[in-house]
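Engineer: give me a model of this one.
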Amino acid sequence: MAAPILSYEGLGLIQGEGWLFRGIDLYVGERDRLALIGRNGAGKTTLLKCLAGMIETDEGKRTIVPGTSVVLLEQDPVMTGHATLRDWVLAGRDAPQAHDAEAIAHQLGIDLSREVGTASGGERRRAAITRALAQEPDVLLLDEPTNHLDLGAIEWLEDWLKRFKGAFIVISHDRTFLTRLTRSVLWLDRGQLRRAEIGFGGFEAWTERVYEEEARAAEKLDARLKLELHWLQRGVTARRRRNQGRLAKLGELRAQRAAMLGGQGAAKIALAKDDTKSKVVIDADRVFKAYGDRQIIRDFTLRVQRGDRIGVVGPNGAGKTTLLKLLTGEMAPDSGKVTLAKTLSGIVIDQQRKLMDPAKRVRDVLAHGGDWIEVRGVKKHIKGYLKEFLFDPGLVDAPIGSLSGGERSRLLLAREFAREANLLVLDEPTNDLDLETLDLLQEVIADYEGTVLIVSHDRDFLDRTVTVTLGLDGSGRVDVVAGGYEDWQKRRNPPRHGEGDRVAKRRGGGGPTQGSAAPPSAPAALPPSRPGEDRKKLTYKDQRDLDRLPGEIERIAQDIAVAEQLLTDPDLYLRDPGRFADLTKRIEQLRAEKDAAEERWLEVAAMAEALNA
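Structural biologist: Down below sits the predicted model:
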């Protein structure tokens with residue numbers, strides 16, 4: 001193993017009345033790709049600033065190889081005092097060369113002549129990325145780099161980081177981004193930093209094993225700590241174990257939508273039954289909208305039914321916000337018609353998070369200063385409701401100003417989901433949320449009985465959540481696809497003849513890319529029956545797969561857990577590098593097998609459901 005270019009020993013920082021973290025040791029090699037994971041409020045951003053030397057720690061030592069350049073990409077860099085984005089990018093002692101900055105800005109699609117005061121969040125983020133990358137650092141520290149970026153910019157950044165010759169540590173809620181780029185995980189949890197030489201795909205299994213060990217050790221501790229471990233750690237673990245059932249249900253819903261949309265995804269959803277009309281909450285018929293000579297939405301037709309979870313995707317400026325406003329009646333089309341159900345009542349959770357006075361307390365925001373909150377008609381004690389959204393009940397009297405950005409976003413979700421409404425509009429809901437809160441948000445949306453419209457650039461979140469995707473490309477056309485982001489991508493870029501088989505072989509038997517958490521697309525239609533054959537049951541092979549695959553998936557998961565446990569040995573690489581390499585390769589193979597098995601099981605389960613309907 002190569003010598004580190006950065007090392008941190010015994011880092012400790014006091015925040016408020018106690019230690020935010022203490023005793024942290026971290027070594028960064030010249031090509032490390034590290035994901036820094038932790039709950040909102042755990043101190044991830046603060047730790048990153050300590051690593052960058054922007055915050056002086058109360059304890060510990062930072063050692064850096066002479067000549068090593070370390071650059072931090074902050075979430076919200078201060079740009080005051082600069083007239084244009086270019087002025088800010090090229091300011092300071094370590095400013096990049098102008099031609100390098102302009103080249104990267106061009107590829108990111110940002111005009112650096114934009115005035116700072118009028119720049120959007122996405123433009124400011126692109127400028128910050130331009131400044132960080134153009135400095136050609138040896139170590140990049142990235143704090144939520146995909147926030148406010150559209151899909152094109154995210155994919156460009158992924159490609160750049162894959163070619164990057166230095167090291168990076170990244171904080172991100174974007175599972176797809178982390179899975180594609182990182183090779184090791186740093187987990188900041190309750191003031192301690194743990195490291196595992198595993199890809200992000202193995203993170204959840206690893207943390208669950210840690211929690212299991214702590215739960216056993218907690219038997220010797222007092223009842224209060226055991227209770228905390230129960231609602232925080234075990235609750236998170238149980239939630240993740242319910243993911244499989246949610247994904248199976250999502251697959252069924254997508255299959256139903258695929259049948260309604262027809263083979264070519266025609267936008268007009270056919271009415272399968274006479275009583276379906278009563279379920280329609282939004283009926284858009286041949287909608288057209290333009291700004292001047294530019295067509296934003298053209299010939300768009302869609303019936304949204306109660307319980308639909310609609311994802312809206314596309315590059316910035318393609319018309320996503322306009323489409324949302326048309327569907328919710330906030331804006332009238334130039335031609336065509338949008339009809340809303342008379343009983344439709346909605347709430348909007350927007351990406352600006354315009355909600356709370358920093359001086360107010362948590363109980364003021366949730367319960368108007370009281371102890372009880374009405375959650376969709378049911379009274380709940382505020383402390384119990386806070387637990388449901390992964391808050392320590394002791395925060396009930398904490399001022400809003402003391403919460404992290406992610407905690408404020410989570411509190412906003414808690415408040416809005418308590419309201420009586422049958423339509424939720426979520427505009428970039430994943431910004432500033434940690435992974436555990438994203439799991440929670442997916443569960444809440446899955447259980448929500450109303451209709452949900454979601455604008456998001458988080459590919460994994462859409463793949464885990466939505467039943468129908470509306471894809472915009474900026475031409476005015478809107479693709480209507482049953483499924484999530486990956487299903488939309490397949491529609492846009494279908495594999496060439498024979499390419500699908502080659503990709504399936506490379507991925508290990510037809511499963512998705514290693515580490516992907518996305519559910520499969522809606523199952524294909526059943527094969528046509530032969531003359532005289534009435535298809536009333538599964539084939540022998542399909543039934544056999546339906547019966548055997550749950551056990552097979554569990555067996556593979558156990559094999560992965562065993563191999564990953566061996567990799568947590570910090571001395572394994574030095575002691576036996578060959579064994580380390582074999583285990584890493586074995587885990588990749590097992591994950592591919594598990595993904596393929598899960599996809600096949602969801603397919604045959606949907607087929608069985610269709611036959612039994």
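Engineer: how about the strands in the stretch 401-550 of the chain?
Structural biologist: Assigned by DSSP state E, counting those that start in this stretch, the strands in the stretch 401-550 of the chain fall at 423-427, 451-455, 468-472, 478-482.
Engineer: summarise which helices and strands the third one is packed against.
Structural biologist: So that's strand 468-472. For strand 468-472, the packing partners by 3 or more C-beta pairs under 8 Å, 6 or more residues apart in numbering; DSSP states H and E come out as strand 309-313, helix 320-327, strand 478-482, helix 485-492. Where you see a C-beta, it was placed from the backbone N, CA and C, and this is true even at glycine.
Engineer: what's the end-to-end length of stretch 39-52?
Structural biologist: 21 Å (C-alpha to C-alpha, to the nearest Å).
Engineer: which helix or which strand is home to K61?
Structural biologist: strand 59-64 (DSSP states H and E).
Engineer: and the contacts of that strand?
Structural biologist: Here strand 59-64 makes contact (C-beta atoms under 8 Å, 6 or more residues apart in numbering) with 5-13, 22, 24, 51, 53, 70.
Engineer: max pairwise distance over those residues: which two?
Structural biologist: I5 and R22 (24.3 Å; C-beta to C-beta).
Engineer: of these two, give the one with the bigger neighbour count.
Structural biologist: Legend: neighbour count by other C-beta atoms under 10 Å for I5 and R22, higher for I5 (22 against 18).
Engineer: next secondary structure after the strand holding K61?
Structural biologist: Next element after strand 59-64 (DSSP H and E): strand 70-73.
Engineer: quick one: distance of that following strand to the chain centre.
Structural biologist: Using C-alpha atoms, centre = their mean, to the nearest Å, the mean C-alpha position of strand 70-73 is found 23 Å from that of the whole chain.
Engineer: after it, which helix or strand is next?
Structural biologist: Reading on from strand 70-73 to the C-terminus, the next helix or strand found by DSSP H and E is helix 85-89.
Engineer: could I get the buried residue list for that following helix?
Structural biologist: 85-86, 88-89 (16 or more other C-beta atoms under 10 Å).
Engineer: next, format these as JSON lines and append distance to E588.
Structural biologist: JSON lines is the format used below for these (distance: C-beta to C-beta, whole Å):
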{"residue": "L85", "distance to E588": "41"}
{"residue": "R86", "distance to E588": "43"}
{"residue": "W88", "distance to E588": "42"}
{"residue": "V89", "distance to E588": "39"}
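Engineer: can you give me the pLDDT of V375?
Structural biologist: Per-residue pLDDT puts V375 at 85.
Engineer: okay, and the helix or strand of this structure with the least pLDDT?
Structural biologist: Every helix and strand of the chain was ranked by mean pLDDT, DSSP states H and E. The lowest is helix 499-506, at a mean of 40.
Engineer: one step back: in strands only, show me the contacts of strand 59-64.
Structural biologist: 6-13, 22, 24, 70 (DSSP state E).
Engineer: for R410, see how far away V480 is.
Structural biologist: 32 Å (C-beta to C-beta, to the nearest Å).
Engineer: pick the most deeply packed of the helices and strands packed on strand 468-472.
Structural biologist: Burial of those is given as mean neighbour count (mean count of other C-beta atoms under 10 Å); strand 309-313 ranks first at a mean of 25.
Engineer: list the helices and strands that strand packs on?
Structural biologist: Checking 3+ C-beta pairs under 8 Å, 6+ apart, strand 309-313 ends up next to helix 320-327, strand 451-455, helix 459-465, strand 468-472, helix 485-492.
Engineer: could the C-alpha coordinates of it be exported in CSV?
Structural biologist: Taking Å, rounded to 0.1, in the frame of the first residue of the first chain, the C-alpha atoms of strand 309-313 are listed here in CSV:
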residue,chain,number,x,y,z
ARG,A,309,-46.3,8.7,-8.2
ILE,A,310,-45.1,10.8,-11.1
GLY,A,311,-41.4,11.7,-11.6
VAL,A,312,-40.5,14.6,-13.8
VAL,A,313,-36.9,14.6,-15.3
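Engineer: how far off centre is that strand?
Structural biologist: Mean C-alpha position of strand 309-313 versus that of the full chain (C-alpha atoms, centre = their mean) differs by 14 Å.
Engineer: try stretch 299-315
Structural biologist: For stretch 299-315, the distance to the chain centre is 20 Å (C-alpha atoms, centre = their mean).
Engineer: could you list the buried residues of that stretch?
Structural biologist: Buried-residue list, stretch 299-315, by 16+ other C-beta under 10 Å: 300-306, 308-315.
Engineer: report the two of those separated the most.
Structural biologist: The widest separation within these (C-beta to C-beta) is 30.2 Å, between R306 and P315.
Engineer: what helices or strands is the biggest helix by length in the chain leaning on?
Structural biologist: For the chain, the helix with the greatest residue count under DSSP state H is helix 577-612. If you count contacts as 3+ C-beta pairs under 8 Å, 6+ apart, helix 577-612 packs onto helix 243-261, helix 540-567, helix 572-575.
Engineer: ok, back up a step: now, of the ones in strands among the contacts of strand 59-64, which are buried?
Structural biologist: Here, 16+ other C-beta under 10 Å leaves 6, 8, 11-13, 22, 24, 70 buried among those.
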